[in-house]
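Asks: I'd like to go over a predicted model; first the sequence, then the structure.
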Amino acid sequence: MSVSFSNENELPLICTATFPGLNLSHWAGENSDLIEKQLEKYGAILFRDFNVVNADDFADVIEKLYKKILPYLERSSPRNHLSRNIFTSTELTKDADIFLHNEQSYNIEFPMRTLFYCHKPPAEKGRTPIADTRKIFQRLPTELRENFIKKKYRYTRNLGSGIGLNWQTAYQTDHKQVVAHYCRDHDIQFEWISDKVLRTHQIRDVVAKHPATQELCWFNHLTFFNMLTLPQETQTLLRNVFKDAELPNNTYYGDGSKIPDGIIEELKRAYLAEERSFAWQKSDVLLLDNMLTAHGRQSFTGDREIYAGFAEMHNWNQVKINE
């Protein structure tokens, strides 16, 4: 066999090429059923020692597996476009840790597959932590889960506030009518605070049922976008500059009421208890089932070039649970 599998650290499952120069897009195309079966079980596969040398090779892998690479819509992170809907993973400064989250779970439409490619490993740290959302769900107290399932959560953004993305970047347009049309079509409440500032509210579920495995996943951005997930110094800075309603990002219960600090801290502990990581190597490709596995980023030193691509669009209506 031209590959070997191992999962010493539980996550990810590591698929290592044992044949020198093995082309990942060709191998993946011939073994897509095997890959998808393993992905449903583990939620994350790391392909290592394959011949992947640039963004186009990475794009070939995604297109071979999933036909189409999705565009990056309703943006929340600064990214640079490379080619064929391949982007840098994030342009946030290297000293910032990025908490675990599921890609675009706040969108009505989200990618089921998230992929990363290591073009240049960092000098130190810079890992991409991952966590099993099925285990996060099971770790949380039943009462907490049921309360959020009932109330849902509310994500509020102030785009163009001076910190974070402006609305033109988030929605990839300079036209307010295009933004309004998108928001109405995607169940987003919105109001123009000024010509520069757009405030949005979107109420989303916290738990989803995986369409293939039928397992319940803790699938949301309520912890990631909550103020308490930011470093303490950043929280203090934002509180000194903005009123609560003006914060660049924050989350609440679905009715708009405040989520107690202790609940957010309990959610953070659940994520971190399930966190696993690995050290990036040149040419690594990480494939995530975006519902089964959350991901984040460690701060790092030196240069780090990790590229991202998304595939397999799904709608929240396909994964809703029976409440």
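Replies: Ah, there it is. Numbers count the residues shown, from 1 in each chain.
Asks: which SS state does Val61 fall under?
Replies: At Val61 the chain is in helix, as set by DSSP: H, G, I helix; E, B strand; the rest coil.
Asks: residues in contact with Thr173?
Replies: Val179 (C-beta atoms under 8 Å, 6 or more residues apart in numbering). Using the backbone N, CA and C atoms, a C-beta is placed for each residue, glycine as well.
Asks: quick one: it is in a helix?
Replies: No: Thr173 sits outside any helix when classified using three-state DSSP, being coil.
Asks: do you know how far it is from Pro71?
Replies: Applying C-beta to C-beta, to the nearest Å, the value for Thr173 to Pro71 is 13 Å.
Asks: for Leu140, same thing?
Replies: Computed as C-beta to C-beta, the Leu140 to Pro71 distance reads 33 Å.
Asks: what do you get for Arg79?
Replies: For Arg79 relative to Pro71 (C-beta to C-beta), the value is 12 Å.
Asks: quick one, which of these two is more surrounded?
Replies: Just comparing Arg79 and Pro71: by other C-beta atoms under 10 Å the higher neighbour count belongs to Arg79, 18 against 11.
Asks: what helix or strand does the more buried one sit in?
Replies: Here Arg79 is covered by no helix or strand, with elements defined by DSSP states H and E.
Asks: show me where the stretch 1-150 of the chain has its helices.
Replies: For the stretch 1-150 of the chain, the helices defined by DSSP state H, counting those that start in this stretch cover 24-30, 32-42, 55-66, 133-139, 142-151.
Asks: mind putting those helices in JSON lines, distance to Trp280, mean pLDDT and mean neighbour count included?
Replies: Shown next, in JSON lines, are the helices of the stretch 1-150 of the chain (distance: least, C-beta to C-beta, whole Å; pLDDT from 0 to 100; neighbours: other C-beta atoms under 10 Å):
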{"stretch": "helix 24-30", "distance to Trp280": "16", "mean pLDDT": "96", "mean neighbour count": "18"}
{"stretch": "helix 32-42", "distance to Trp280": "18", "mean pLDDT": "96", "mean neighbour count": "15"}
{"stretch": "helix 55-66", "distance to Trp280": "14", "mean pLDDT": "97", "mean neighbour count": "20"}
{"stretch": "helix 133-139", "distance to Trp280": "22", "mean pLDDT": "98", "mean neighbour count": "20"}
{"stretch": "helix 142-151", "distance to Trp280": "33", "mean pLDDT": "98", "mean neighbour count": "14"}
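Asks: dump the ones you listed to JSON lines, plus distance to Glu312.
Replies: Converted to JSON lines, the helices of the stretch 1-150 of the chain look like this (distance: least, C-beta to C-beta, whole Å):
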{"stretch": "helix 24-30", "distance to Glu312": "14"}
{"stretch": "helix 32-42", "distance to Glu312": "10"}
{"stretch": "helix 55-66", "distance to Glu312": "6"}
{"stretch": "helix 133-139", "distance to Glu312": "17"}
{"stretch": "helix 142-151", "distance to Glu312": "25"}
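Asks: can you say which of these is nearest to Pro231?
Replies: helix 133-139 (21.9 Å; C-beta to C-beta).
Asks: can you tell me what sits against the closest one?
Replies: With C-beta under 8 Å, 6+ apart, helix 133-139 has contacts from 43, 102, 145, 207, 215-219, 270-271, 273-274, 291-294.
Asks: again, 7 Å this time
Replies: With contacts defined as C-beta atoms under 7 Å, 6 or more residues apart in numbering, helix 133-139 is touched by 102, 145, 207, 215-219, 270-271, 273-274, 291-294.
Asks: just the C-alphas of that helix, formatted as CSV.
Replies: The C-alpha coordinates for helix 133-139 follow below in CSV (Å, rounded to 0.1, in the frame of the first residue of the first chain):
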residue,chain,number,x,y,z
THR,A,133,-17.3,18.7,18.5
ARG,A,134,-19.1,15.5,19.3
LYS,A,135,-17.0,15.2,22.5
ILE,A,136,-17.5,18.9,23.3
PHE,A,137,-21.2,18.3,23.1
GLN,A,138,-21.0,15.3,25.4
ARG,A,139,-18.7,17.1,27.9
